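Build me a model from this:
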Amino acid sequence: MKSIAVVSYNYQQYSETFISHLVKNLPFKVHYLYGGELPAFYGDYRPFLPEMGWGKWCVETKALVGKKIQEQHKEAVEQYLLKNNIQAVHANYSFTALPLMDICERNKIPLIVHFRGWTAYRQTILDKYGAQYPKLFSIAAAVICVSADMKQQLIRLGCPENKITIIASGADTAYFHYQNHSANPPVFLSVGRFCDTKNPHLTILAFSKVLQEIPDAKLVMAGGDETLLSACFTLCKALKIELAVSFKGVLTHEQVAEEMKSACL
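This is a model prediction of the structure:
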């Protein structure tokens, strides 16, 4: 069986089920590498270097870990790929591909770069990494994106069109499929992390206007706290709508599907 390395910044991040499903369902022997831009761990939190404790997994600057350790780190990852006869590297997000591109080119290991959104568009990311994208596109054997618009953005950033494949991040139809919700009560479901990129406070503000028209409406919010959950509690109290809003925390796909059955939107 062929061996492939799947690289991710995080390890089984609850909101990145699209990556965990990829690892689970690829028809290969998958080596999962994770923990920072250059992966710090493989397997079950096994570090590439003994010096890399969990508290240092995201440290990338020379000032903090030293140039020598960085070089040893890259060499350890390279040796892992060779020792395990890795035949392709699938890097999720561009910034995990950048530290690996020279290793893959040197050892003739095909590099697949998976753009999932923000690393193709967000200006702060492009300011930090964009100058390296042309070289990355040149080395990459293939580039995956999730929409036609993103494909055009990658072309604008310098990626050859013939290297790009669109694979939409679709829902699992075993859980999520069409249902008629027209008879459901006015329950609104929001699923997303409580972080600035998801702007959950805007959902709450919009729902407060809904309540002015539909006084018995309810808002159910599911997602993990990434700095904004407390602020959302406070906002609900300030708007005097806390009895109409419930917070469910992190839910599985199965639990989200159940919540969707009783929601109207």
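
List the buried residues for stretch 182-193?
P186, V187, F188, L189, S190, V191, R193 (16 or more other CB atoms under 10 Å). Where C-beta positions appear, they are placed from N, C-alpha and C, glycine not excepted.

Mind splitting the chain into its structural domains?
Here the domain parsing of the chain from automatic domain parsing is 3-166, 187-261.

picking that back up, just the ones of the buried residues of stretch 182-193 in strands?
Residues of the buried residues of stretch 182-193 located in strands (DSSP state E): V187, F188, L189, S190, V191.

Output these in CSV, with distance to I164 and pLDDT appended to each entry.
Converted to CSV, these look like this (distance: CB to CB, whole Å; pLDDT from 0 to 100):
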residue, distance to I164, pLDDT
V187, 40, 97
F188, 36, 97
L189, 34, 97
S190, 32, 97
V191, 29, 95
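
quick check, nearest of these to Y129?
For these, the residue nearest Y129 by CB to CB is V191; the value is 29.1 Å.

how far away is the closest one from A120?
Per CB to CB, to the nearest Å, V191 is found 23 Å from A120.

go on, I144?
Applying CB to CB, the value for I144 to A120 is 11 Å.

more neighbours, those two?
Applying other CB atoms under 10 Å to I144 and A120 shows that A120 carries more neighbours, namely 24 against 21.

give me the element that one is part of.
Here A120 sits within helix 118-121, counting by DSSP states H and E.

got the contact list for that helix?
Contacts with helix 118-121, where a contact means CB atoms under 8 Å, 6 or more residues apart in numbering, come from Y93, S94, F95, I125, Y129, C145, M150, Q153, L154, L157, T197.

Please repeat the previous calculation with a cut-off of 7 Å.
Helix 118-121 is contacted from outside by Y93, S94, F95, I125, C145, M150, Q153, L154, using CB atoms under 7 Å, 6 or more residues apart in numbering.
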